[in-house]
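Engineer: my questions concern the predicted model and sequence given below.
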2 protein chains.
Amino acid sequence: MVFFVTISISIFSQSRDGNSRYVGIKSPEILSDKSVIFRLMAPQAKEVKLSTQFINEPKLMERDSAGMWSVKLGPVKPDIYPYCFVVDGVQVQDPNNTYYFSNEKLKNSLLDVPGNEPLIHSMQDVPHGSVVYCDYNSKTFGGYRPLVIYLPPDYEKNSRVNYPVFYLLSGTTDTEETFFKVGHTNLILDNLLSQGKDKPMIIVMPYGNPEISAPTGTSAHVSVSPTGEDIIGEDILNSIIPFVEENYRAIKSNDSRAIGGFSRGGGQTLRIGLQHPEVFSWICCYSSYIGREEFEKKFQIVYANPEQTNKRIKMLWISVGDQDPWYKQTSEFIDLLKANNINVKTMVTEGGHTWMSVKKFLVGSTPLLFR
Amino acid sequence: MVFFVTISISIFSQSRDGNSRYVGIKSPEILSDKSVIFRLMAPQAKEVKLSTQFINEPKLMERDSAGMWSVKLGPVKPDIYPYCFVVDGVQVQDPNNTYYFSNEKLKNSLLDVPGNEPLIHSMQDVPHGSVVYCDYNSKTFGGYRPLVIYLPPDYEKNSRVNYPVFYLLSGTTDTEETFFKVGHTNLILDNLLSQGKDKPMIIVMPYGNPEISAPTGTSAHVSVSPTGEDIIGEDILNSIIPFVEENYRAIKSNDSRAIGGFSRGGGQTLRIGLQHPEVFSWICCYSSYIGREEFEKKFQIVYANPEQTNKRIKMLWISVGDQDPWYKQTSEFIDLLKANNINVKTMVTEGGHTWMSVKKFLVGSTPLLFR
């Protein structure tokens, strides 16, 4: 008599953390030249395409006689890319890949093409921090909300050390997990820290979508205020920062608080950060901007006295990809800030409005924080 | 000029944590009588079915003229259920639902049907613990492996309190996330603790699938040893426990260590726990068993001296659902233990080999731990 049937032969896929996991069919298979084969068993499907951010449009896959669809792409530049199958018009995650894109809308898996040398976002043999999932009681939204928090290596052991805190907001339809699971923020920080480039810091990643929760127990649909971003700002100031500073060893001063974000989170960052220099001295805006009209209307405090602004804000970072749809507007916004004599650090990278770009922005901006 | 287009009207879905998230189409929609409507926009699909664990076989959905497929089921007994759409034969997560079943094989979403009174696994207004994702360096597997750790409420604040530790292994194709994201182990513990039923404890959830990782940098397929479970046991003893006890405030004695698991993890639990009473005094086996042959062959230490065994093992818990495929064998195993005069706590619940049953087992067994 035996216990369970033990799997005697299996095939493993490479995970984000260098770990191997059981899978049935090898997909994605990364070849030695960095070409990638994607496979999906779908005998009944009429049409299967492969959609991913390193090709311009979905690629038709080929069906074999058993109903296995496949396509070979590349060689692919080492990085982490979202992809999905489009099965008769429906987006499908790769059933043989455990790693997915944390998102409210896109059902994508993640392809992690390793470099010949370890990439800055890869799991390396360096001291590792941890990532905490917790729930804070939000006065603004009236209920518990999720929070993901990166703690630097040895946080639990160094029980007398306090750390600066970087509040980091993800983009529209992203979740509080996206900076961790897709952006590899924890691994980037671990690696930069081990190279002496970053200072150890806590990173707090809220769920940033602007909305007001429906009252508990109802299924009411709710409208979002046009100033949704400010609701998040209120929540950060009134509930998130107090929760973090009560439960974690955070340094409680504006010099040791940064705020940053991608896309919609970048806009929230500018609004919250520029309006509250008494709370945040460091501002990192990734692939976002505030237009001239809003800037001039709402941020007199910033541009009316540039000298004071430049003293109060230790860093205003603005970065964008050269193929980002917001590239032109962001460039104009940078010009506007400069025309108003406001110090701004900028980075323009090759790439679009993607998480491949976000990782570069983290690598560029976090070494400048808390100096 | 405005920043991004602000979403002015949106629809929200209820999340596992009582939070609301943006979705495009309301699916699943839970009606007041606990009936549930599932919807999927798939104009090009030939056939769409809804598959879930509260119905016996996939249910054909109906297509409207716009290509929206829908089906109404229920009323459904309040609980958390995995479900997916089967689009032309391919399993598809619900694109309008952020909550998914953490698994290497099943691509399922989660339906969370709330009770009229809060269920024991629901987010309630009680003190909350946190859940930590970290990576330990495994001597057994040669590289970093993921670990998910529940820390009880106020762990970070009570910096002088040490806690007992429950090592908890999930089932085949589950991941280290499944006890957290599907089993709501953290919320169950928070709730039981607030009711004075559980003792505060740390819960450590490894990635438990038995395998030997391929050497770094290769894409070699690897065979799994028939004693794969023992590899995990070695890893727990040699790498996981030392990591946990170095980095977290764990009480370092067998009286304060429990091991438990579901399905394959339950078998691993019995093997590791019964063989190492010097390490674990508490054993919780959910929906699993060791057959007579293996038990008699490998566990002389346990049954040869029942009196000693009953003294060394503070609790041996075995539970199973009455519709579990392993129900009969588990019952026989319980009889075998009893025939050998080994004390055993048992629980037979309504239900199958599912995570609905696992939650009941956690509610039944954790209050007995560390007493």
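Structural biologist: Structure's in. What do you need?
Engineer: show me what the host helix or strand of A:G266 packs onto, helices and strands only.
Structural biologist: A:G266 is part of helix A:264-275 when elements are defined by DSSP states H and E. Where contact means 3 or more C-beta pairs under 8 Å, 6 or more residues apart in numbering or on different chains; DSSP states H and E, helix A:264-275 is packed against strand A:165-169, helix A:228-235, strand A:257-262, strand A:282-286, helix A:300-303. In this view, the C-beta of every residue, glycine as well, is placed from N, C-alpha and C.
Engineer: could you redo the last one with a cut-off of 6 Å?
Structural biologist: helix A:228-235, strand A:257-262, strand A:282-286 (3 or more C-beta pairs under 6 Å, 6 or more residues apart in numbering or on different chains; DSSP states H and E).
Engineer: average pLDDT for the first one?
Structural biologist: When pLDDT is averaged over helix A:228-235, the result is 75.
Engineer: what residues does the stretch 251-371 of chain A have near chain B?
Structural biologist: A:R264, A:G267, A:I290, A:G291, A:R292, A:E293 (C-beta under 6 Å from any C-beta of the partner chain).
Engineer: reformat those as TSV; add pLDDT and neighbour count.
Structural biologist: As requested, those are exported to TSV (pLDDT from 0 to 100; neighbours: other C-beta atoms under 10 Å in any protein chain shown):
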residue	pLDDT	neighbour count
A:R264	90	27
A:G267	92	28
A:I290	88	26
A:G291	85	16
A:R292	87	14
A:E293	88	11
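Engineer: any idea which residue sits dead centre in chain A?
Structural biologist: Centrality entry for chain A: nearest residue to the mean C-alpha point is A:F179, 2.9 Å, by C-alpha atoms, centre = their mean.
Engineer: who's in contact with that residue?
Structural biologist: Residues counted as contacts of A:F179 (C-beta atoms under 6 Å, 6 or more residues apart in numbering or on different chains) are A:L168, A:S170, A:T185, A:M205.
Engineer: what's the distance between it and A:I149?
Structural biologist: Applying C-beta to C-beta, to the nearest Å, the value for A:F179 to A:I149 is 11 Å.
Engineer: re the thing from before, buried subset of the contacts of A:F179, written for PyMOL?
Structural biologist: Selection of buried members from the contacts of A:F179 for PyMOL, criterion 16 or more other C-beta atoms under 10 Å in any protein chain shown:
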select buried, chain A and resi 168+170+185+205
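Engineer: got a markdown table for the contacts of A:F179, with pLDDT too?
Structural biologist: Below are these laid out as a markdown table (pLDDT from 0 to 100):
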| residue | pLDDT |
| --- | --- |
| A:L168 | 98 |
| A:S170 | 91 |
| A:T185 | 98 |
| A:M205 | 98 |
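Engineer: related to what we said a few turns ago, can I get the helices and strands packed on helix A:264-275 in a markdown table including mean neighbour count and distance to A:L60?
Structural biologist: Putting the helices and strands packed on helix A:264-275 into a markdown table (neighbours: other C-beta atoms under 10 Å in any protein chain shown; distance: least, C-beta to C-beta, whole Å) gives the following:
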| stretch | mean neighbour count | distance to A:L60 |
| --- | --- | --- |
| helix A:228-235 | 21 | 39 |
| strand A:257-262 | 28 | 32 |
| strand A:282-286 | 29 | 34 |
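Engineer: what's the closest of these to B:P118?
Structural biologist: helix A:228-235 (23.7 Å; C-beta to C-beta).
Engineer: and the residue nearest to the centre of chain A, that's in a helix?
Structural biologist: Yes - assessed with DSSP: H, G, I helix; E, B strand; the rest coil, A:F179 lies in a helix.
Engineer: picking up where we left off before, which of the residues of the stretch 251-371 of chain A next to chain B sits closest to B:N305?
Structural biologist: Among those, A:R264 lies closest to B:N305 (C-beta to C-beta), at 65.1 Å.
Engineer: I figured that closest one hits A:T173, correct?
Structural biologist: No - assessed by C-beta atoms under 6 Å, A:R264 is found out of contact with A:T173, at 8.9 Å.
Engineer: how much space between the closest residue to A:I80 other than its chain neighbours and B:Q124?
Structural biologist: Distances taken as C-beta to C-beta, 6 or more residues apart in numbering or on different chains place A:D112 nearest to A:I80, at 4.9 Å, with adjacent residues excluded. To B:Q124, A:D112 is 38 Å away according to C-beta to C-beta.
Engineer: do the same with A:K181
Structural biologist: If you measure A:K181 against B:Q124 using C-beta to C-beta, the figure is 27 Å.
Engineer: okay, those two: which has more neighbours?
Structural biologist: Taking neighbours as other C-beta atoms under 10 Å in any protein chain shown, A:K181 and B:Q124 compare with A:K181 leading, 22 against 15.
Engineer: which ones are touching the more buried one?
Structural biologist: Per C-beta under 6 Å, 6+ apart, neighbours of A:K181: A:S102.
Engineer: what does stretch A:121-140 contact?
Structural biologist: With contact meaning C-beta under 6 Å, 6+ apart, stretch A:121-140 is reached by A:17-18, A:118, A:144-153, A:180, A:184, A:186-188, A:190-191, A:194, A:234-235, A:238-239, A:243, A:359, B:128, B:130-135, B:144.
Engineer: repeat for stretch A:294-313
Structural biologist: A:L274, A:P277, A:N340, A:N341, A:I342, A:N343.
Engineer: before we move on, what about stretch A:356-371?
Structural biologist: For stretch A:356-371, using C-beta under 6 Å, 6+ apart, the contacting residues are A:79, A:120-121, A:164, A:183, A:188, A:197-199, A:258, A:262, A:282, A:284, A:286, A:315, A:317, A:319, A:321, A:347, A:349, A:351.
Engineer: pull out the buried positions in that stretch.
Structural biologist: Within stretch A:356-371, the residues scored as buried using 16+ other C-beta under 10 Å are A:356-370.
Engineer: what residues are bridge-paired with the closest residue in space to A:G208 that isn't next to it in sequence?
Structural biologist: Among residues not flanking A:G208 along the chain, A:L169 sits closest, at 4.1 Å (C-beta to C-beta, 6+ apart). Beta bridges link A:L169 to A:G261, judged by DSSP bridges.
Engineer: roughly how far does A:L169 sit from A:M205?
Structural biologist: Taken as C-beta to C-beta, the span from A:L169 to A:M205 is 8 Å.
Engineer: and if you look at A:R63?
Structural biologist: Taken as C-beta to C-beta, the span from A:R63 to A:M205 is 41 Å.
Engineer: ok, A:N238 next?
Structural biologist: 18 Å.
Engineer: equivalent analysis for A:P164, please.
Structural biologist: From A:P164 to A:M205 the distance is 15 Å (C-beta to C-beta).
Engineer: what do you get for A:R145?
Structural biologist: From A:R145 to A:M205 the distance is 12 Å (C-beta to C-beta).
Engineer: next one: A:V348
Structural biologist: Relative to A:M205, A:V348 is positioned 25 Å away (C-beta to C-beta).
Engineer: and for A:M123?
Structural biologist: In terms of C-beta to C-beta, A:M123 sits 19 Å off from A:M205.
Engineer: count of neighbours near A:R160?
Structural biologist: Neighbour tally, A:R160, other C-beta under 10 Å: 6.
Engineer: so it is in which element?
Structural biologist: Using DSSP H and E, no helix or strand contains A:R160.
Engineer: any idea of the pLDDT on it?
Structural biologist: Reading off the model, A:R160 has pLDDT 89.
Engineer: where do the helices sit along chain A?
Structural biologist: A:178-181, A:185-194, A:228-235, A:241-247, A:264-275, A:292-298, A:300-303, A:306-312, A:327-339, A:355-365 (DSSP state H).
Engineer: JSON lines please, covering the ones you listed and showing distance to B:F299.
Structural biologist: Listed next are these as JSON lines, based on distance: least, C-beta to C-beta, whole Å:
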{"stretch": "helix A:178-181", "distance to B:F299": "41"}
{"stretch": "helix A:185-194", "distance to B:F299": "41"}
{"stretch": "helix A:228-235", "distance to B:F299": "55"}
{"stretch": "helix A:241-247", "distance to B:F299": "44"}
{"stretch": "helix A:264-275", "distance to B:F299": "55"}
{"stretch": "helix A:292-298", "distance to B:F299": "71"}
{"stretch": "helix A:300-303", "distance to B:F299": "72"}
{"stretch": "helix A:306-312", "distance to B:F299": "69"}
{"stretch": "helix A:327-339", "distance to B:F299": "66"}
{"stretch": "helix A:355-365", "distance to B:F299": "50"}
